[in-house]
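Peer 1: got a structure for you, letters missing:
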């Protein structure tokens, strides 16, 4: 093992890639899935597998999206689509 490198399991790398794709594409599932090279239904299945939920907050103006884990902890978001 190289110094300064923290090993990650493949599953954690995939989970982080999904989170980043959703944030990068402002929670547009079609674009996020395309950037990952997977279908939208596969993206939904992986969200379920990793117990990730996208919450759409309706308020004045445009909706806001948040990504939370199974315990309700905020992972990312707070952006308008």
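Peer 2: Cool, got the structure. Everything quoted here is computed from the prediction, not taken from an experiment.
Peer 1: geometric centre of this protein: which residue is closest?
Peer 2: residue 19 (2.6 Å; C-alpha atoms, centre = their mean).
Peer 1: which regions of this protein sit below the pLDDT cut-off?
Peer 2: 1-4, 78-81 (pLDDT under 70).
Peer 1: so residue 39 makes contact with residue 33?
Peer 2: Yes - in this structure, residue 39 is within contact of residue 33 by C-beta atoms under 8 Å, at 6.0 Å. To be clear about C-beta, it is placed using only N, CA and C from the backbone, and glycine gets the same treatment.
Peer 1: can you give me the helices in this protein?
Peer 2: For the chain, applying DSSP state H gives helices covering 10-24, 29-36, 40-49.
Peer 1: so can I have JSON lines of those showing distance to residue 63?
Peer 2: As requested, these are exported to JSON lines (distance: least, C-beta to C-beta, whole Å):
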{"stretch": "helix 10-24", "distance to residue 63": "15"}
{"stretch": "helix 29-36", "distance to residue 63": "14"}
{"stretch": "helix 40-49", "distance to residue 63": "18"}
